[in-house]
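>>> I'd like to go over a predicted model; first the sequence, then the structure.
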Amino acid sequence: MKSTYSSTRLSRPRSRFAMKAISGLCVGAMGLALAVVPAATQASASSKTNINFWFWGESDIPGITKWMTQRIALYEKANPGVAITVVPQSNTTIISSFTLASQSKSGGPDIDTQWATLPTLLPALQGDVTPISNYVPSSETKHWLNTNENTIAGKIYAMPLYLIGVPLVWNKKLFAKAGLNPNVGPKTWTQFLADCAALKKHGITPLGMGNQDGYFGAWMFAIYEKQLLNSVAQLTQGVANVGSSQAKLLSSLKTMYTMLSGLIKSGYVNSNVESLSLNQGWQLFPQSKAAMSFTTDGNALSWAKTVGEKNVGVTAPPVWGSGKLAATYDTTQSSDEFLASWSSNKAAAAKFLAFLHTPANMVALNKETGAFPADNRFPSSNITDPLAKALDKLDTAGTSVWLENDIPPQIDSNADLPAGQLITSGSGTPAAAVALWKQQLQKWQLEQPTQFQLFKKWATG
Amino acid sequence: MSSASAALDSDRPLAAAAQTPRVRRRRQWWPYGYMAPVLVVLGVVFGYSFVEVVHYSFYAGSIGSLVWVGTANYRELASDPQFIHSMFNNFKLLLTVPIVTVLALAIALMINTTFRGVRQYRAILFLPYILPATAMGLSFSYLLQGNGVLDNLLTTMHLRFLIHDWLGSPSWVMFSIGGVIVWQQLGFGVVVFSAALLAVPGETVEAARIDGASWWVVQRRILIPQIRRIIEFFVILQAIIVLSSVFTYVYVLTGGGPAYSSSVMEFYIYQNGFSNGSIGIASAGAVVLLAVSSVFIALYLWVRIRAAKEGR
């Protein structure tokens, strides 16, 4: 009987040759495609300057993404050789995405958005950010506000776009329902606690916030830890473990977390604070499910459209601490735009950023979003809305410090955020929150020795 | 037959072989040529990546500013309460394996019959498995948040004593994540067991029924033993999944919170490697995760080899 193997088609020389020929052609075609396609893409790409812009801002200023898209369209129309691609960033990816891109130093953004000061300056100290003042003349940058938040040795590393304050907003209708004066917001901590007690007595949630992502706790750190300090250096040197400053910092943190724990245990914050993100928790206010909230200027103006502007009051956060910084407000540029050091389009990117600061664009930013442009050429007389005027008055009244800007991102995400969650979830004590800070400060020093040394050098001037 | 002729007969095959020239099979190299591209890709993707991860685990800092620290990262992991807690959370999630297995088996046995709509039932049961994890996580985050849909439903049903902050309470968060895992993996288990049950010879069941076996006896004594190997494979596969593929659930539902209470090993690695840029400690965590998963992978291979041997 003939072997089945000898009868298969592949055993015939002609068919074997055909298979080899077809396979060789396929491999050759694939290789050709791999060679040609990138070259073709490069050919088409090289005809335009492509700027990759990683942008964040909607959480601060509702509507700013739309404003940015419109500015880009205008710029591209005036500069046909430039194409700008916006990649929206989220709260949870804004830092990690750039950290990742900076490690490979290829791809990623030409322009990145980061939160101000250390989230921008630590990458700058590591060589991942080129000062924008290298490309934009001082005749322009002198008009930008709050550039001190991103300046090292006279070099401005990032461009501010807007300024936001962090007021306490209150619902006048709910205040009246609780028997409180609807036109007077709490200025001192005693008044604040009394208002909370009255609201709770009438079945109204006093403070509506969200801490599933850790940001309510982080905001309480920024606002109220600050009020225990006499200078920002007390924080930065404590983080850098200079002398006995860290022990003092940890002691003040325990005091702050004890205050926060008291608020939670008294039932003055919505009971589901730990399962709502900051943005979700904020929705309680415009839904009239909470009487007060710490929020941004942009949100306050947006909520006024829902609740009714005459029903919204704004004031500075009640004073609780007795440090010198308790007298400061909480205005910050919040986020900034900078040039990635490995970008091959830095000059073009800087030119676009400077375009955003033209008076026409700044006026449009305020008109369309209510945001206060970080530019002294923007006339305050343009602000006609009474609520916006009140917010602008708070923002420009005196000195401002947003303390969260001055801690390294790793400490912010690994200590600041979870420590607050320990308190708001009721699963930890103030002592446990402070122990977490201490453990994470030590961990950061071990895991990022170079970054720690750069930070220490910056913190000690 | 004489012994001489017998001896001659027995020598015949040898003689025949001595006369026939040996046919040497030419070694075929062409199949290796087809395999080469895949082997190169696997070598680069898995082999190179593995070597680099182990390499980085002995350094601290971010890429571009690495500092040699030897085994310090591993010592730090051993004393890091967040990593230890993350590992225990993975082990806690192993409790979902028997739950998914028993539920999936029970449902597969119940629908292992022909009735109207059985295919539609199977499709509906399988649907959660094919849903994108992100969309599912977002939906459950609204469902399970404090005063969310589930709590409101419990209030309507006068079951207020069952209300909890399912995602915001460290005591309940892992149960909530485990529940979501069970919900999604259940469909996969039903399909796997249903396919195995369909392969069981019908005559065996018929014979048992003729002998007077009840439904329960048929399930317990006939069907389940017949698909024992499939059950073993499924259990080990699910164990590997909860050890090394639950990142999406944690990331979307809780972000590892509150205060690391729902962190798992993958999330710890992600947070340290990607959020913090601490590639060294993240790589060390990845090596530990691989070591733990390898125990179950080895178990899986042992079960397969044993099954293959028993099948011969």
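Good, I have the coordinates. From a predicted model like this one, the values you see are computed outputs, not experimental measurements.

>>> ok but B:Asn147 is inside a helix, no?
No - B:Asn147 sits outside any helix when classified using DSSP: H, G, I helix; E, B strand; the rest coil, being coil.

>>> who's the most centrally placed residue in chain A bridged to?
Central residue of chain A (CA atoms, centre = their mean): A:Trp115, 4.3 Å from the mean position. Here A:Trp115 sits in beta bridges with A:Ser335, going by DSSP bridges.

>>> isn't it right next to A:Ser335, touching?
Yes - with contact defined as CB atoms under 8 Å, A:Trp115 reaches A:Ser335; the gap is 5.5 Å. All C-beta atoms are positioned from the backbone trio N, CA, C, and that covers glycine.

>>> Is A:Leu339 in a helix, a strand, or coil?
Assigned with three-state DSSP, A:Leu339 falls in the strand class.

>>> if I look at it, how far off is A:Ile51?
10 Å (CB to CB, to the nearest Å).

>>> out of everything not next to it in sequence, what's closest to residue 50?
Just so you know, I chose chain A. A:Ala83 (5.1 Å; CB to CB, 6 or more residues apart in numbering or on different chains).

>>> actually chain B
B:Leu290 (7.9 Å).

>>> Doesn't that neighbour lie inside a helix?
Yes - B:Leu290: assigned to a helix according to three-state DSSP.

>>> what touches both of A:Leu339 and A:Ile51?
Jointly contacting A:Leu339 and A:Ile51 under the rule CB atoms under 8 Å, 6 or more residues apart in numbering or on different chains are A:110-111, A:349.

>>> Would you confirm that B:Ala208 contacts B:Leu223?
No - with contact defined as CB under 8 Å, B:Ala208 does not count as touching B:Leu223 (9.4 Å).

>>> sorry, back to before: by neighbours, which of the shared contacts of A:Leu339 and A:Ile51 wins?
Most neighbours among the shared contacts of A:Leu339 and A:Ile51, by other CB atoms under 10 Å in any protein chain shown: A:Ala349, with 28 neighbours.

>>> element containing that one, please.
helix A:346-356 (DSSP states H and E).

>>> Give me the mean pLDDT for that helix.
Mean pLDDT, helix A:346-356: 97.

>>> Could you tell me which residues of the stretch 101-250 of chain A lie near chain B?
A:102-105, A:126, A:211-214 (CB under 8 Å from any CB of the partner chain).

>>> right, and the helix or strand after the helix or strand of chain B with the lowest mean pLDDT?
None of the helices or strands of chain B scores lower by mean pLDDT, DSSP states H and E than helix B:3-19, at a mean of 49. Sequence-wise, the next helix or strand downstream of helix B:3-19 (DSSP H and E) is helix B:30-42.

>>> just for the stretch 51-200 of chain B, where's the confidence low?
Nowhere does the stretch 51-200 of chain B drop to pLDDT under 70.

>>> Do you have the strands of it handy? List them.
Along the stretch 51-200 of chain B, the segments classed as strands by DSSP state E, counting those that start in this stretch run B:59-60, B:67-68.

>>> which of these sits most buried?
Comparing these by mean neighbour count (mean count of other CB atoms under 10 Å in any protein chain shown), strand B:59-60 ranks first with a mean of 24.

>>> Give me the contacts around that one.
Residues outside strand B:59-60 that contact it (CB under 8 Å, 6+ apart) are A:446-449, B:66-69, B:72-73, B:278-281.

>>> okay, now the domains of chain A?
A:49-162+A:333-384, A:168-328+A:404-459 (automatic domain parsing).

>>> backbone phi and psi for A:Phe53, please?
phi -120, psi 110 (degrees, to the nearest 10).

>>> How about it: what's its closest non-neighbour residue?
Spatial nearest neighbour of A:Phe53, excluding adjacent residues (CB to CB, 6+ apart): A:Ile111 at 4.5 Å.

>>> what number of residues lie near A:Gly57?
A:Gly57, neighbours per other CB under 10 Å, totals 24.

>>> Next one: it relative to chain B, how far apart?
20 Å (CB to the nearest CB, to the nearest Å).

>>> Can you check the pLDDT for that residue?
Residue-level pLDDT assigned to A:Gly57 equals 91.

>>> Tell me which residues touch B:Gly256, please.
By CB under 8 Å, 6+ apart, B:Gly256 lies in contact with B:250, B:262-263, B:267-268, B:271.

>>> Name the nearest of those relative to chain A.
When the contacts of B:Gly256 are ranked by distance to chain A (CB to the nearest CB), B:Gln271 comes first, at 7.5 Å.

>>> residues touching the closest one, list them.
A:413-414, B:256, B:263.

>>> do that again at 10 Å, thanks
With contact set as CB atoms under 10 Å, 6 or more residues apart in numbering or on different chains, B:Gln271 has these partners: A:96, A:410, A:413-414, B:82, B:86, B:251, B:255-256, B:260, B:263, B:278, B:281-282, B:285.

>>> Just name the closest of those to A:Asn279, please.
Within these, the smallest distance to A:Asn279 is 13.2 Å, found for B:Gly255 (CB to CB).

>>> May I have the secondary structure class of the closest one?
Classified using three-state DSSP, B:Gly255 is coil.

>>> Quick check: the gap between it and B:Ile281.
Per CB to CB, B:Gly255 is found 19 Å from B:Ile281.

>>> ditto for A:Ile61
Where B:Ile281 is concerned, A:Ile61 sits at a distance of 36 Å (CB to CB).

>>> Just the buried residues of the contacts of strand B:59-60.
Neighbour-count burial (16 or more other CB atoms under 10 Å in any protein chain shown) applied to the contacts of strand B:59-60 gives A:446-449, B:66, B:69, B:72-73, B:278-281.

>>> Please produce a markdown table containing the residues you listed, extended by distance to A:Ser133.
Formatted as a markdown table, these follow (distance: CB to CB, whole Å):
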| residue | distance to A:Ser133 |
| --- | --- |
| A:Leu446 | 35 |
| A:Glu447 | 32 |
| A:Gln448 | 27 |
| A:Pro449 | 29 |
| B:Leu66 | 30 |
| B:Val69 | 37 |
| B:Ala72 | 39 |
| B:Asn73 | 39 |
| B:Ser278 | 31 |
| B:Ile279 | 31 |
| B:Gly280 | 34 |
| B:Ile281 | 36 |
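
>>> Tell me which of these fall in helices.
In this view, the buried ones among the contacts of strand B:59-60 that belong to helices under DSSP state H are A:446-447, A:449, B:72-73, B:279-281.

>>> ok, and for stretch A:48-59, which residues are buried?
A:49, A:51-59.

>>> and what of stretch A:128-141?
A:128-133, A:135-136, A:140-141.

>>> Also stretch B:128-142?
B:128, B:133, B:136-137, B:140-141.

>>> Helix or strand: which one has whichever residue of the stretch 101-250 of chain A sits closest to chain B?
When scored by CB to the nearest CB, the stretch 101-250 of chain A has A:Gln103 as its residue closest to chain B, at 4.0 Å. Per DSSP H and E: A:Gln103 is located in helix A:94-104.

>>> Against which helices or strands is that helix packed?
Other helices and strands packing on helix A:94-104, by 3 or more CB pairs under 10 Å, 6 or more residues apart in numbering or on different chains; DSSP states H and E, are strand A:49-55, strand A:111-115, helix A:118-125, strand A:335-340, helix A:409-411.

>>> Model confidence score at residue 261, please.
Because you didn't say which chain, this covers chain A. Confidence at A:Ser261, expressed as pLDDT, is 98.

>>> Hmm, no, I was thinking of chain B.
If you check B:Ser261, the pLDDT there is 95.

>>> which ones are touching it?
B:Ser261 sits next to A:418, A:421-422, A:425, A:427-428, B:85, B:89, B:168-174, B:254 when contact means CB under 10 Å, 6+ apart.
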